[in-house]
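Student: Quick one: sequence and predicted model below, then my questions.
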Amino acid sequence: MNETTEPKTVAPEEAHKPAIQSAIPPEDLARLTDDIVAALKTVYDPEIPADIYELGLIYKVDIADDRSVAVNMTLTSPNCPAAIELPNMVENAVASVQGVGPVKVAVVFDPPWDQSRMSEEARLALNLW
């Protein structure tokens, strides 16, 4: 990739920090980031009453200068019954954000997911205190 199409990584814990040296204007990048996070929060694991973002299943979101988006996500376990449908749900949710180009979702298992990745909101929803 050349410098103008290099993806800009937006990790969940840095979701509100603009990427450095993006061809996307900072205010547009901030809006895209906020809208993508909001879209991710609409996706729920069918077996767990918390959204996948708060569960800590989203590991990385890269927004390239051409507005294509690459998402790395994981599952609560490699044998998750929703393994086929969750990535499609994530792709559709992110693709629904106005101004987003093509979306690719990769399921990764490194590092493995554990409950420490969950937000306080998810812990409260699941009564895991």
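Tutor: Right, received. Where do you want to start?
Student: in this structure, which spans are strands?
Tutor: 8-10, 58-63, 69-73, 103-107 (DSSP state E).
Student: Could you export those as a markdown table, including mean pLDDT?
Tutor: A markdown table is the format used below for these (pLDDT from 0 to 100):
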| stretch | mean pLDDT |
| --- | --- |
| strand 8-10 | 48 |
| strand 58-63 | 96 |
| strand 69-73 | 98 |
| strand 103-107 | 97 |
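Student: Let's have those in TSV, adding distance to Leu126 and mean neighbour count.
Tutor: (Glycine included, C-beta is placed from N, CA and C.) Listed next are the strands of the chain as TSV, based on distance: least, Cβ to Cβ, whole Å; neighbours: other Cβ atoms under 10 Å:
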stretch	distance to Leu126	mean neighbour count
strand 8-10	26	18
strand 58-63	17	22
strand 69-73	19	20
strand 103-107	22	17
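Student: will you turn those strands into JSON lines that also has distance to Leu124?
Tutor: As requested, the strands of the chain are exported to JSON lines (distance: least, Cβ to Cβ, whole Å):
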{"stretch": "strand 8-10", "distance to Leu124": "25"}
{"stretch": "strand 58-63", "distance to Leu124": "19"}
{"stretch": "strand 69-73", "distance to Leu124": "22"}
{"stretch": "strand 103-107", "distance to Leu124": "26"}
